[in-house]
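**Q** Need a 3D model of the following:
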Amino acid sequence: QVQLAESGGGLVQAGGSLRLSCAVSGRTFSSYVMGWLRQAPGKEREFVAAIMRSGGWTYYADSVKGRFTISRDNAKNSVYLQMNSLKPEDTAVYYCAASRGITTAPSQYDYWGQGTQVTVSA
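**A** Here you go, the predicted model:
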């Protein structure tokens, strides 16, 4: 069983930065592909970024490419999302999730955190 807990969300002005963290329980953390996904009000959950087990490969949605950076520390069972140049359209609940394979599809992630709210004001 894998449990995830996000932190670091909040309110920020457009152009600002936030760093989200996700603490993962379980001794098999390094065997999972980790992802960040988000859901804005009235919209479907969407993929944001993913990182391979070793951290050597990352993938981003076009909407965040060049602004967001995903990273992981397998020794600390943690994954991070550095968000820079934030825009009002980035406002959403952000979820940390774990998958056994490489995927951008929310339905393919096996474990989810409870989410953390990110609000970007204009």
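
**Q** got a list of what the spatially most central residue of the chain touches?
**A** The structure's the chain has its C-alpha centroid closest to Trp36; by CA atoms, centre = their mean the separation is 2.2 Å. Neighbour list for Trp36: 20, 22, 48-50, 68, 70, 79, 81, 94-97 [criterion: CB atoms under 8 Å, 6 or more residues apart in numbering]. C-beta coordinates here come from the backbone N, C-alpha and C atoms, glycine included.

**Q** which among the residues you listed gets closest to Val118?
**A** For these, the closest approach to Val118 (CB to CB) belongs to Tyr94, at 5.4 Å.

**Q** Drop anything exposed from the contacts of Trp36.
**A** For those, a neighbour count by 16 or more other CB atoms under 10 Å gives the buried set as 20, 22, 48-50, 68, 70, 79, 81, 94-97.

**Q** export those residues to TSV and tack on pLDDT, distance to Gln3 and secondary structure?
**A** Formatted as TSV, the buried ones among the contacts of Trp36 follow (pLDDT from 0 to 100; distance: CB to CB, whole Å; DSSP: H, G, I helix; E, B strand; the rest coil):
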residue	pLDDT	distance to Gln3	secondary structure
Leu20	98	17	strand
Cys22	98	11	strand
Val48	98	20	strand
Ala49	98	21	strand
Ala50	97	19	strand
Phe68	98	24	strand
Ile70	98	20	strand
Val79	97	13	strand
Leu81	98	18	strand
Tyr94	98	17	strand
Tyr95	98	13	strand
Cys96	98	11	strand
Ala97	97	12	strand
